[in-house]
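Asker: Give me a model of this one.
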Amino acid sequence: MFRGFVSIINKAYYRRIQYIGLENIPRDGNPVVLAGNHQNCMMDPLNVEAALSDRKPYCLTRGDVFKINGIITRFLYWLGLLPVTRASFDGVSITKSKESNKSTFSKAEEYLGNGNTLIIFPEAAHQDKRWLGYFSLAYLTMSFQTAEKFNFSKEIYVVPFAHHYANYFHPFYDFLLQFGTPIALSQYYELYKTKPRTAMREVNEKVEEQIRSMMLDITDLDHYVGIDQLRTGPYGAEFARKCGFDPEDLSEKLKADKKLVAGLEAASASEPEKTKSLLDRLQSLETKIMENGMRDWVVAEKPGKKELALRILALVALLPLFGLSVAVTWPALLIPYLLGKIKVNGKGDLLFQSTWQFGTTVLITAPLLWILPALILLFSGAIFKALAFFIAYPLLLTFAVKYKMFFVKTKGVWRYVTGGNSEKLSDERRAIIEEIDKTLS
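Answerer: Numbers count the residues shown, from 1 in each chain. I've put the predicted structure just below:
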């Protein structure tokens, strides 16, 4: 029931969801370890949970969330989550973290040995960019130890998977979840008996290789902002169409983005100085654009006073409806915003933004502010009012969020139209794009 509820919220939160390779996952009853990239906090395991409609998976997750509240702790265990203490993130020694994790790994091995499915993120923490981090081999230690407990008579599968979000931070964008080819550990049992680390490294290489092939892995972190803005802006869509891909289909857009990034990497290898200079210019430009409160699409489209006036007119005309939407749904807008101010170890984390949005909708907003009032109206005999509220609430919330997004984009248009150096930024962008086209041709 909970998975069905989350799936409904999922379909409302994302514009479009794509699952690829679900048929690759062995049938329920087989011990399966799902190992994936960690791109977006709590959203990652919830998305996998929603995709696996034929089983109840268990998931290893950060242990600090189990210390918030006793009720929350019981709820997390009920969902099938198992706490893991991470030495590098939780401020404890490696010895203490290993001691804390003994019971968790023992329980995970028990679940796995009984033919259940485990969701694991070998990076241990989510990344803040589209790249693959360092993998701990703990997930394979646990997998092989489970096989050893059964005298290597039981087959255990590792299935790599990868998330890809069109946008990390906001709703109403596309989401892609892809599962790779299962890796049967039995073919490594003999090697593991004599050289366990070698066996685990060989399996891990295959897992990483598959995940990289399914995700966007931008390794040039010095020019990350420039490359990321380039692919998400108008040029990324144009490049996709030139390569025969549909930029509106996230799986095809991912292929185009991978081709774009691979092309820049090839250019960096063949003409390092020239390409570095070009990417330095791109990075500097995109940083300037963002510092001016704009994004690449604004500088590319070069909006004028007429478009700005139409946007302002639309905002004014729709302001009363926005006011009504906020009056009805303000807790759903305010709670994620306040939670987003929470700092972990003295630091904020932007990738928690969508987690708070989605998590509060699942646990607070939808059940308490949408479903419960509708049920109260229904059981009080106001059937029409109950139906009207049940339909209107999510529509008003969607409108409020989209109005805010439109307002933010209008601010970008305002800054472009009123900015003194906007034309220079557009000219510089056009010159850089021409050079990039030559480099990639």
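
Asker: Report the residue spans of the stretch 301-441 of the chain with pLDDT below the cut-off.
Answerer: Applying pLDDT under 70 to the stretch 301-441 of the chain flags residues 343-348.

Asker: secondary structure class for the residue lying closest to Pro122 once chain neighbours are set aside?
Answerer: For Pro122, ignoring the flanking residues on the chain, the nearest one in space by Cβ to Cβ, 6 or more residues apart in numbering is Phe135 at 4.0 Å. Using the backbone N, CA and C atoms, a C-beta is placed for each residue, glycine as well. Under DSSP: H, G, I helix; E, B strand; the rest coil, the three-state class of Phe135 is coil.

Asker: Go through stretch 50-63 and flag the buried ones.
Answerer: Buried residues in stretch 50-63, counted by 16 or more other Cβ atoms under 10 Å: 50-52, 55, 57-63.

Asker: What does the pLDDT read for the residue nearest to Pro122?
Answerer: Listed pLDDT for Phe135 reads 94.

Asker: Lys306: neighbouring residues, count only.
Answerer: Using other Cβ atoms under 10 Å, Lys306 is surrounded by 9 other residues.

Asker: same question, Glu23
Answerer: Neighbour number of Glu23 under other Cβ under 10 Å is 7.

Asker: Ramachandran coordinates for the closest residue to Met294 other than its chain neighbours?
Answerer: If you skip the residues right next to it in sequence, Met294 has Gly412 as its closest partner in space, 4.6 Å away by Cβ to Cβ, 6+ apart. The phi/psi pair for Gly412 (degrees, to the nearest 10) reads phi -60, psi -40.

Asker: surely Gly412 meets Val298?
Answerer: Yes - the criterion here is Cβ atoms under 8 Å, and Gly412 meets it with Val298 at 4.7 Å.

Asker: and these two? which has more neighbours close in?
Answerer: The neighbour comparison of Gly412 against Val298 (other Cβ under 10 Å) goes to Val298, with 25 against 18.

Asker: who does the helix or strand encompassing that one touch, helix- and strand-wise?
Answerer: Per DSSP states H and E, Val298 falls inside helix 296-301. Judged by 3 or more Cβ pairs under 8 Å, 6 or more residues apart in numbering; DSSP states H and E, helix 296-301 is in contact with helix 224-232, helix 234-242, helix 272-291, helix 383-418, helix 422-440.

Asker: what angle do whichever helix or strand comes after it and helix 383-418 make?
Answerer: Later in the chain than helix 296-301, the nearest helix or strand by DSSP H and E is helix 305-339. Relative orientation of helix 305-339 versus helix 383-418 (axes from the mean of the first three to the mean of the last three Cα atoms, to 10 degrees): 120 degrees.

Asker: contacting residues around the residue nearest to Met294?
Answerer: 293-295, 298 (Cβ atoms under 8 Å, 6 or more residues apart in numbering).

Asker: And it, how far from Asp296?
Answerer: 10 Å (Cβ to Cβ, to the nearest Å).

Asker: With Leu333 instead?
Answerer: Taken as Cβ to Cβ, the span from Leu333 to Asp296 is 27 Å.

Asker: Check Gly21 too.
Answerer: 32 Å.

Asker: Give the residue from these two that has the larger number of neighbours.
Answerer: Asp296 (23 against 16).

Asker: neighbours of the closest residue to that one other than its chain neighbours, just the number please.
Answerer: Distances taken as Cβ to Cβ, 6+ apart put Gly233 closest to Asp296, at 3.4 Å, once the chain neighbours are dropped. The local packing of Gly233 (other Cβ under 10 Å) involves 21 other residues.

Asker: residues contacting Gly233?
Answerer: 295-297, 300.

Asker: is it possible to export those residues to JSON lines including distance to Ala256 and pLDDT?
Answerer: Listed next are these as JSON lines, based on distance: Cβ to Cβ, whole Å; pLDDT from 0 to 100:
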{"residue": "Arg295", "distance to Ala256": "19", "pLDDT": "93"}
{"residue": "Asp296", "distance to Ala256": "16", "pLDDT": "94"}
{"residue": "Trp297", "distance to Ala256": "17", "pLDDT": "95"}
{"residue": "Ala300", "distance to Ala256": "17", "pLDDT": "95"}
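
Asker: where does the stretch 151-300 of the chain have low pLDDT?
Answerer: Ranges of the stretch 151-300 of the chain meeting pLDDT under 70: none found.

Asker: Let's see that with 90 instead.
Answerer: 168-169 (pLDDT under 90).

Asker: for this protein, which strand is longest?
Answerer: When the chain is parsed with DSSP state E, its longest strand is strand 157-165.

Asker: C-terminal to it, what's the next element?
Answerer: Going down the chain from strand 157-165, the next helix or strand is strand 175-179, by DSSP H and E.

Asker: quick one, that next one and strand 157-165 angle?
Answerer: 160 degrees.

Asker: what's strand 175-179 in contact with?
Answerer: Outside of strand 175-179, the residues within contact range by Cβ under 8 Å, 6+ apart are 14, 16-22, 24-25, 34, 47-48, 51, 159-166, 214, 250-251, 254.

Asker: repeat for stretch 103-119
Answerer: Contacts of stretch 103-119 (Cβ under 8 Å, 6+ apart): 25, 28-34, 36, 45, 48-49, 52, 55-60, 82-84, 138, 142-143, 145-146, 149-150, 154, 156.

Asker: list the buried ones in it?
Answerer: For stretch 103-119, the neighbour count (16+ other Cβ under 10 Å) marks 104-105, 108-109, 111-113, 116-119 as buried.

Asker: how about TSV for the residues you listed, with secondary structure and distance to Leu339 added?
Answerer: Converted to TSV, the buried residues of stretch 103-119 look like this (DSSP: H, G, I helix; E, B strand; the rest coil; distance: Cβ to Cβ, whole Å):
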residue	secondary structure	distance to Leu339
Thr104	helix	26
Phe105	helix	30
Ala108	helix	29
Glu109	helix	34
Tyr111	helix	31
Leu112	helix	33
Gly113	helix	38
Asn116	coil	32
Thr117	strand	30
Leu118	strand	28
Ile119	strand	24
